[in-house]
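Colleague: heads up, no residue letters with this:
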């Protein structure tokens, strides 16, 4: 395992930011680490990266314990925090050579050249960091996280605040570097998870509430979602009584999303319900349950 988290708890005074969290990540996987604000995502990433200690439990990175062998762990981990800490008055190449020096790398010039090319900073290499767009500053952040060739890459909200083109560029870059490294990625963008992640871990109130492949989460939470439009308004409690319907969501006065955790197609039951209640079905279609819907169900407090 590249990352082994066992029964980790983190307390801030009386607040329990992480509550007995356990999971493992194999080498070469890109993991989406999801959760609402305040769920404990950044706290977990900071513990793995040796920025803060856990209150209880253990964390190992590439076999090294974060509490007992922090220097060895730091040599194995590249970390890009949510708020990318850069020096705006330094030039791109100057900054990366500075980071390479901190890591005591041998052939610094060649390594900096490699990173500049890999993250697409060739045309910006002579600019000051403060003069770069946010997309290029994120590239500088990724370069500093990878310059010492870490086995594990921790990325906390790497595409926050980027425009659509920049998001696609950074996403493709993460997918490329993830072929050779273990990547743990925190994001609020569900499409990003579907696009690049091999597995999804969802945390809520400091506890793991789901851990599986994205497609498996969608299929196990609700088997089917039917969008149906009737010719008149209807009470929600009546729709809830349709056989095998387990979830009802109103879109407008006449249009509903009906969910079922049954493998049996519920559309015949909907038609039977319409006939019995003297309703006409104007449209009906089966929809794929989205990861965003799964996320909302697992992290909703209502």
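Modeller: Cool, the structure landed. These figures come from a predicted structure and were not determined experimentally. Residues are numbered from 1 along each chain as shown.

Colleague: Any buried residues in stretch 106-117, and which?
Modeller: Under the neighbour-count criterion of 16 or more other CB atoms under 10 Å, stretch 106-117 has 108, 111, 112, 115, 116 buried. From N, CA and C alone the C-beta is placed, and that goes for glycine too.

Colleague: In a markdown table, list these along with secondary structure.
Modeller: Shown next, in a markdown table, are these (DSSP: H, G, I helix; E, B strand; the rest coil):
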| residue | secondary structure |
| --- | --- |
| 108 | helix |
| 111 | helix |
| 112 | helix |
| 115 | helix |
| 116 | helix |
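
Colleague: Closest to residue 275 out of these?
Modeller: residue 115 (66.3 Å; CB to CB).

Colleague: Now do the contacts for that closest one.
Modeller: 96, 121, 143, 146, 147 (CB atoms under 8 Å, 6 or more residues apart in numbering).

Colleague: switch to 10 Å and redo it
Modeller: 93, 96, 99-100, 121, 139-140, 142-149 (CB atoms under 10 Å, 6 or more residues apart in numbering).

Colleague: Buried residues, stretch 79-91. List them.
Modeller: 79, 80, 81, 84, 86, 90, 91.

Colleague: Sort out which of the residues you listed are in strands and list them.
Modeller: 79, 80 (DSSP state E).

Colleague: Skip the chain neighbours and tell me the closest residue to residue 248.
Modeller: Using CB to CB, 6 or more residues apart in numbering and skipping the chain neighbours, the partner closest in space to residue 248 is residue 239 (5.0 Å).

Colleague: any idea of the mean pLDDT in the host helix or strand of residue 109?
Modeller: Element membership for residue 109, per DSSP states H and E: helix 108-118. In this model, helix 108-118 has a mean pLDDT of 93.

Colleague: I'd like the distance from it to the chain centre, please.
Modeller: Relative to its chain's centre, helix 108-118 lies at 28 Å (CA atoms, centre = their mean, to the nearest Å).
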